[in-house]
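Novice: need a 3D model of the sequence below.
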Amino acid sequence: QVQLVESGGGLVQAGGSLRLSCSASGRTFSNYDMGWFRQAPGKEREFVAGINRSAGRTAYADSAKGRFTISRDNAKNTVYLQMSGLKPEDTAVYYCAARDSRYGSSWTAVAYDYWGQGTQVTVSS
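Specialist: Here you go, the predicted structure:
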């Protein structure tokens, strides 16, 4: 089992920045690829950004490219999502998720085994 706890969400004005953190415990963090997903009211959960176990490869949704940066610190068992240039359409609950890297990288929600409880991000216009 891997336990994931997100933090760093909140209310921010359009154009502002937030840094989300996701702290992991329970298994060897560096064995897992990590992803950030989000879900807005009435919408399906969608991929935002992902990073492989060694941080040698990252991926971003088109909506996140150029504005968001995913990173991880395996010594601290933590993955981050730095968000800048936030827009009202970024408003959602943001979730981090973990996937055993033995099965190859994937950026789809169904491929992830462990999920945090989510943190709310609200961007006002």
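
Novice: state the distance from the spatially most central residue of the chain to G116.
Specialist: Per Cα atoms, centre = their mean, the C-alpha nearest to the average position across the chain is that of W36, at 2.0 Å. To G116, W36 is 10 Å away according to Cβ to Cβ, to the nearest Å. For every residue, glycine as well, the C-beta is placed using N, CA and C.

Novice: against D73, how distant is the residue of the chain most remote from its centre?
Specialist: Distance to the chain centre peaks in the chain at S125, reaching 22.9 Å (criterion: Cα atoms, centre = their mean). For S125, the distance to D73 equals 33 Å [Cβ to Cβ].

Novice: isn't the residue nearest to the centre of the chain up against V48?
Specialist: Yes. At 4.4 Å, W36 and V48 qualify as touching, with contact defined as Cβ atoms under 8 Å.

Novice: circling back: next, show the common contact partners of W36 and G116.
Specialist: Residues touching both W36 and G116 (Cβ atoms under 8 Å, 6 or more residues apart in numbering) are 22, 95-97.

Novice: dump the residues you listed to CSV, plus pLDDT, neighbour count and secondary structure.
Specialist: Below are the shared contacts of W36 and G116 laid out as CSV (pLDDT from 0 to 100; neighbours: other Cβ atoms under 10 Å; DSSP: H, G, I helix; E, B strand; the rest coil):
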residue, pLDDT, neighbour count, secondary structure
C22, 98, 25, strand
Y95, 98, 23, strand
C96, 98, 30, strand
A97, 98, 24, strand
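
Novice: if anything else comes up later, I'll come back, but that's it for now.
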